[in-house]
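K.L.:
sequence and computational prediction follow.
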Amino acid sequence: MRFRLFFCMMLSVLAFGVASASAEPLLRGVVMDEGQKGLPGVAISAWDGERVYRALTD
């Protein structure tokens with residue numbers, strides 16, 4: 001019984017750790033000028049209702 005409880009708790013902790021590690025915020029998109037060319041070095045800010053994410057185009 002103790003082994004089963006320990007196993008279930010460790011499994012849930014490991015599953016939560018993997019899920020939270022893979023939830024890294026990622027901001028993707030393209031910033032273009034009027035000539036449809038990409039613009040590097042443009043600062044982008046996005047807000048999801050809780051946090052502000054900042055990125056710089058490359």
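P.N.:
It's in.

K.L.:
all strands for this protein, in order.
P.N.:
43-47, 52-56 (DSSP state E).

K.L.:
so which of the ones you listed comes closest to residue 36?
P.N.:
Nearest to residue 36 among the strands of the chain is strand 43-47 (18.3 Å), distances taken as Cβ to Cβ. To be clear about C-beta, it is placed using only N, CA and C from the backbone, and glycine gets the same treatment.

K.L.:
can I get that closest one as PDB, trimmed to CA atoms?
P.N.:
The C-alpha trace of strand 43-47 is given here as PDB (Å, rounded to 0.1, in the frame of the first residue of the first chain):
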ATOM      1  CA  ALA A  43      10.400  45.500 -29.900                       C
ATOM      2  CA  ILE A  44       7.200  43.600 -29.500                       C
ATOM      3  CA  SER A  45       4.900  43.500 -26.400                       C
ATOM      4  CA  ALA A  46       2.000  41.100 -25.900                       C
ATOM      5  CA  TRP A  47      -0.400  40.800 -23.000                       C
END
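
K.L.:
just checking: what are the partner strands of it?
P.N.:
Partners of strand 43-47 in the sheet, by DSSP bridges, are strand 52-56 (antiparallel).
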